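Undergrad: Based on what follows, work out the 3D shape:
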Amino acid sequence: EDLVCRLNSCLYGMRQSPRYFFGYLTKKFESAGLYPSKHDPCLFLGKGVAVITYVDDLLIYGRTESDVSNIFDKLKADGVKLRREGTAEGYLGLNVVRDGNKTILSQPGLIKRIVEALGLSTKFSTPVSTPAEQAALPRDTDGDPATGCFNYPSVIGMMHYLNHT
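TA: Residues are numbered from 1 along each chain as shown. The predicted structure follows:
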């Protein structure tokens, strides 16, 4: 009743998590030679390179492909987990297609990441025709118990973003 725990690091979902993550990212950028713009703290500039941040998504522009690759490699070498996902059109995972008066938004990259994070990609499953059975799946009492693990907060965060966009 009289004991208190002290948290030594920030956890996903806490109110101050984005601030701490942005501080972490800023330090990593500065060690790679990128510095925040005076006009926008989410814009980082370096020699021949500009990086735009939005939460944990980065958009890296450079004069040449080698400039972009150099920054990418420096950040990865410094322990930042990065993943190349495509071009500027797919920034934040949104693909925008205009068809006449309609605008169609899709997020195939994010959906693929969720499926892979859950271990449900085609290399781990057997494809079936759709639509699926409408009844509940029967329970396999003789089968092996479920195994494997995934980063639950990360998957929930991705699904939350997918739902709201």
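Undergrad: any weak-confidence spans in the protein?
TA: Along the chain, the parts satisfying pLDDT under 70 run over 86-93, 124-125, 127, 132, 165.
Undergrad: Mind naming the longest helix for it?
TA: Determined from DSSP state H, the single longest helix within the chain is helix 17-31.
Undergrad: That one - contacts with which helices or strands?
TA: When contacts are defined as 3 or more C-beta pairs under 8 Å, 6 or more residues apart in numbering; DSSP states H and E, helix 17-31 packs onto strand 35-36, strand 49-54, helix 65-77. (Glycine included, C-beta is placed from N, CA and C.)
Undergrad: out of these, deepest packed?
TA: Compared across the helices and strands packed on helix 17-31, strand 49-54 shows the largest average neighbour count, a mean of 18 (mean count of other C-beta atoms under 10 Å).
Undergrad: what pairs with it, and is each one parallel or antiparallel?
TA: Partners of strand 49-54 in the sheet, by DSSP bridges, are strand 43-46 (antiparallel), strand 57-62 (antiparallel).
Undergrad: and that strand with helix 17-31, angle?
TA: Between strand 49-54 and helix 17-31, the angle comes out at 170 degrees (axes from the mean of the first three to the mean of the last three C-alpha atoms, to 10 degrees).
Undergrad: Excluding chain neighbours, give the residue nearest to Val80 in space.
TA: Spatially, and ignoring its direct neighbours in sequence, Val80 is nearest to Lys28 (5.2 Å; C-beta to C-beta, 6 or more residues apart in numbering).
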